[in-house]
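A.B. asks: test case, fold it:
(chains A and B)
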Amino acid sequence: MKAPRVGIIGIGQSEFKAKRDDANYPELVREGVSRALGDCHRELEDMEAVVYSLAPDALLGIGNAERLGVDAVGARNKRFMRINTGGATGISSVITGWTHIAAGVCDVVLVAGADKVGESGDSQTILNKIWDPMYERALPLGTITMLAMSAVRAMDKYGMTEEDMARVTVKARANAARNDKAHLRKPVTIEEVMQSRYIAWPVKLLDACPQSSGGAAMVLASERYVKENKLDAVWISGVGHCSESYYMGDRMGNKIMADHADAHALGQSFLRSYKMAGITDPAKQVHVAELYAPFSNTEYHSIEAAGVCQLGESMGLMREGHFDIGGRIPINPSGGTLCTNAIAVSALVRAAEIALQVWGRAGDHQIDGARVGIASGNGGDHQFFGTMVIES
Amino acid sequence: MNATEIGICGVAIHAPQRNDSRSLEESIYAVTWAALRDAGYDIEDVEGIVVAGNDELDGRAISIMMASGSVGGVDRDILSTPSSAEHAFVLGALRIASGQFTNQLVVGWSPVEVDSFNDALKIGTDPYWHRALPQDELATHGLQASVLENMVPGIRKTAAAIVRKNRMHGAVAYPDRPLGPMEEAFIASGKPTRWPLTDAMVSPPAFGLVALVLANKEAIAKHKNGNLAWIRGMGWSTEPGFIGDRDLSKLPSLEAACDQAYEGAGVKDPSNAFDVAEVADGTPYHELLAYEGLGLCPREQWNEFVERGVTARGGRLPVNLSGGALSFNPVFCAGLIRIAEAANQVRGRAGLHQQPNVKRALAHAASGPAMHYNTVVVMEGAK
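C.D. replies: Below you'll find the model as predicted:
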C-alpha cells in the first residue's frame, strides 16, 4: 500500500548538558515540547495524541516515569502511549507518531521525551541490568564492553585501527563545535583521542559518548492538516525497524545475521525504509545522514548498513574525508550521539537533525543542498534498529 | 481510523500453575506459539510484533530485549509499549491500519518473581514527594474506593457482590485456577489491606501471559481464518500523573476513550449495545467506575444494577464472565487479557464461559495507579 505523506512541522531540542539540575524531569520534557510547539506556532490543545519517548525507567529511577510526564506534554484525557526500544526509542517513537497519522486516527501528533542520564549516577551500572540476570550480568557486560567486542571483531575482519576509531571522534567533535545544542563541543585531535584512557579495549574515553541530560520533541501532521493550515513541513517518506538476537553469544559467529562486526538488522531496517521511500541507490540518492553511533567504532558499521558504501569500505572513505561536512555524504553533521547522548531522545534528535537539514534550518552545521536525509537509532544490546528517510 | 478492517484471529491466555517450571522466556514462547497456532500462523507469517512488559516486575532494564527472541522478533519489526499491555494492542491495530503491515502479533506478560510486588510498583511514584508515603499502586486503589464509598451510600455491599459475582464466573470459566473468598460478608468485613479495601476485595498478583494475532481482511482471507473478532472501535486515553491532581471518583480519560471507540463503532446507546463485556476490575470499585464511564449504568443506579444481576451470568449484560482480575490478576497484562477474553466471546471460543450468540462485545482495560490509563475496544463477529 502506498504510504501516506506525514509531515514534520515542529522541532524542539534542549541545549544538552551533563547536568540539568535547574529543571526536574517533567520540566525537561516540557522544554523540548515548548520549543517544538513554538516552532510550528501550535498549542498543546492542538495536539490530538502524544507518543512518549522514554527508554529504561532505571536511568531515571522512576518506574513508568512517562506517567509523571503526562501533564508536561499536555496529554491529559488524550491518546497517549510510551515507546521503549532502548537507544532506538526516539526514532521508534517518531515512527509510532507517523503510524498514528498514517492509520487515519489523528492529524497532529506530538512526540516528546527527555532524559537525565548525566544525573543517573553511573549509567553503565544501570545498563548492565539490560542483560540476562543468570548468565551475562555477572560478566560484567555494559554497553561499552559489548561494543568493544564489536570493535575487536571489526579490527580482525576489516583491519580497523584505533586511529580509524579516533578519526570518527575528531570529525564528530569538529561538527559538534558548530552545533549549539550539542553536549561535547570541544574539538580534539587524533593524538588526544589516542592518549585518552582505555575504558574497554580498544574503546577509549574519547571514543565514547557522554552521559547527557536534555529533552526533545517533534510535531507531526497529516498532509491535509499541513495544507489546510498553510504550514511549512518536511516529509517522512520511509520508516522501518528490524531486530537482532538478544544473547551476545549468538552474534559471535561468521554468519550473516550473527557477525558482531556488522549491523545486519540495521541494514535490513534501512532496506525497509528505502523501499517505502523509493530509494534504490542510497550512495547517490541520500545527501546527509544522522546515524546513531554512541561509540566511534560503531559509526563504521552503521555507515555500511545504511548502504552508502560496501562492507569494510567505510574506514578508507572516512580517511579521505568522504563523510565530513563538505564531503560526499556528511555523516552526523550535528556531532551525533558520540557528542550528545540523552538516551531517551538521542534517536529522536537524529531524526530531528535530519529534518532540520532537509529543511535548510540546521544553522552552522547545515549541509548545502541537502534534500534527502536518513536517520537511525540503535537500542538494547545493539539489538533494536529503527530507520527513517526524510525529504524536503 | 482508516477504513481498513482489522480482525483478531488468534488468542492465547496462559496461566502457569505452581508446578510449571518454565522460565519467563519459555512461557512467553509458549503463549506466542499458542496464539499463532490458534490463528493458523507460522512465525514466518508474522510481519510485525508489539510487546509489553514492565521493567520493574521483570527485573530487567529493558524487558523487551529478553522477550524478542521468544516472540520471534529476530530479523523482524518489533516495538514495545511499556506504558501498558493494552497499548501494545492499540499500536498493533494502528500498524495494520497504517497500511504498512497485514498482520501483527501482540504479546503481554506479568511475572511475580519480585520479592515485594507492591514495592516494585511503588518505584513509579515521584521520588521527592510521594515515594516516602505508603502510596503503592494498591493504596491508590484504596483511595479511590474511599472516595466512592463516601459518595455512594450502600456501595460497599455492592462491591462485595461484584467480587462474589466475578469469582463465581471464574469458578465456571477456569475451574483449575485457585479462587479467592466468595462469601460477601467476609469480603466486606475481612482484614483491610489498603483501607477500605479488604484482602478479599482484591486478588493477589499472579503470573500470566497473553498473546493475540491481528490481521487485515486480505491476510484473514489468505489464512482462511474463521472465528473472528472484528475491531469496530478503539479508544485510549490517560489521566494526569499526580494523584493529587485528580478527582478519583471520576475517570474523564475513560469517557474520552469511550468517545473514540463508540464513534468508530457507531454506538449510540451503550447501555443496550453489547451482548457481553470484559472490564477492568482490579478492585470491585474499578468495575463500578467502568459501568459509569462506559455508559452502562450511572452511579446513582449502581446498587440496583448489581443487585438485579444485570451483569451476572444470565443477566442482560454479563460482565467479566472470565472471572476478571478479581479471579486471576496478572497485574501488568490483566487489561490485555480483558481484550483477549472479549475477543474470544465474539469468536465463539471462550470455552466453558462462552455466552451464546455474542454479536458485539465491549472490552475495557485500565492500568496504573487508580486506573491511570483507560482503553476501550468494541468488537463484532461476522455479520
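
A.B. asks: distance check, B:Asn272 against B:Leu79.
C.D. replies: For B:Asn272, the distance to B:Leu79 equals 37 Å [CB to CB, to the nearest Å]. In this view, the C-beta of every residue, glycine as well, is placed from N, C-alpha and C.

A.B. asks: more crowded one of the two?
C.D. replies: Taking other CB atoms under 10 Å in any protein chain shown, B:Asn272 and B:Leu79 do not tie; B:Leu79 has more neighbours (30 against 10).

A.B. asks: for that one, list the residues it contacts.
C.D. replies: Neighbouring residues of B:Leu79 by CB atoms under 8 Å, 6 or more residues apart in numbering or on different chains: A:83, A:85, A:92, A:96, A:241, B:48-51, B:91.

A.B. asks: pretty sure it sits in a strand.
C.D. replies: Yes. B:Leu79: assigned to a strand according to DSSP: H, G, I helix; E, B strand; the rest coil.

A.B. asks: hey, what's it bridged with?
C.D. replies: Using DSSP bridges, the beta-bridge partners of B:Leu79 come out as B:Val50.

A.B. asks: run a quick neighbour tally on A:Ala114.
C.D. replies: A:Ala114 has 32 neighbouring residues, counting by other CB under 10 Å.

A.B. asks: I should have written B:Ser21 there, sorry.
C.D. replies: When neighbours are counted by other CB under 10 Å, B:Ser21 registers 7.

A.B. asks: measure it to chain A for me?
C.D. replies: As judged by CB to the nearest CB, to the nearest Å, B:Ser21 and chain A stand 15 Å apart.

A.B. asks: thinking again about what came up before, any chance of the contacts of B:Leu79 in JSON lines, plus distance to A:Leu338 and neighbour count?
C.D. replies: Formatted as JSON lines, those follow (distance: CB to CB, whole Å; neighbours: other CB atoms under 10 Å in any protein chain shown):
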{"residue": "A:Ile83", "distance to A:Leu338": "24", "neighbour count": "32"}
{"residue": "A:Thr85", "distance to A:Leu338": "20", "neighbour count": "32"}
{"residue": "A:Ser92", "distance to A:Leu338": "21", "neighbour count": "31"}
{"residue": "A:Thr96", "distance to A:Leu338": "26", "neighbour count": "29"}
{"residue": "A:His241", "distance to A:Leu338": "23", "neighbour count": "26"}
{"residue": "B:Gly48", "distance to A:Leu338": "31", "neighbour count": "22"}
{"residue": "B:Ile49", "distance to A:Leu338": "30", "neighbour count": "29"}
{"residue": "B:Val50", "distance to A:Leu338": "31", "neighbour count": "30"}
{"residue": "B:Val51", "distance to A:Leu338": "30", "neighbour count": "27"}
{"residue": "B:Leu91", "distance to A:Leu338": "31", "neighbour count": "25"}
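
A.B. asks: in JSON lines: those, plus distance to A:Ala58 and pLDDT.
C.D. replies: Converted to JSON lines, the contacts of B:Leu79 look like this (distance: CB to CB, whole Å; pLDDT from 0 to 100):
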{"residue": "A:Ile83", "distance to A:Ala58": "17", "pLDDT": "98"}
{"residue": "A:Thr85", "distance to A:Ala58": "15", "pLDDT": "97"}
{"residue": "A:Ser92", "distance to A:Ala58": "18", "pLDDT": "98"}
{"residue": "A:Thr96", "distance to A:Ala58": "22", "pLDDT": "98"}
{"residue": "A:His241", "distance to A:Ala58": "23", "pLDDT": "98"}
{"residue": "B:Gly48", "distance to A:Ala58": "27", "pLDDT": "97"}
{"residue": "B:Ile49", "distance to A:Ala58": "23", "pLDDT": "98"}
{"residue": "B:Val50", "distance to A:Ala58": "22", "pLDDT": "98"}
{"residue": "B:Val51", "distance to A:Ala58": "18", "pLDDT": "98"}
{"residue": "B:Leu91", "distance to A:Ala58": "23", "pLDDT": "98"}
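
A.B. asks: separation between A:Val345 and A:Asn229?
C.D. replies: Distance from A:Val345 to A:Asn229, by CB to CB: 26 Å.

A.B. asks: who's more crowded, those two?
C.D. replies: Legend: neighbour count by other CB under 10 Å for A:Val345 and A:Asn229, higher for A:Val345 (35 against 16).

A.B. asks: I am finished for the moment; much appreciated.
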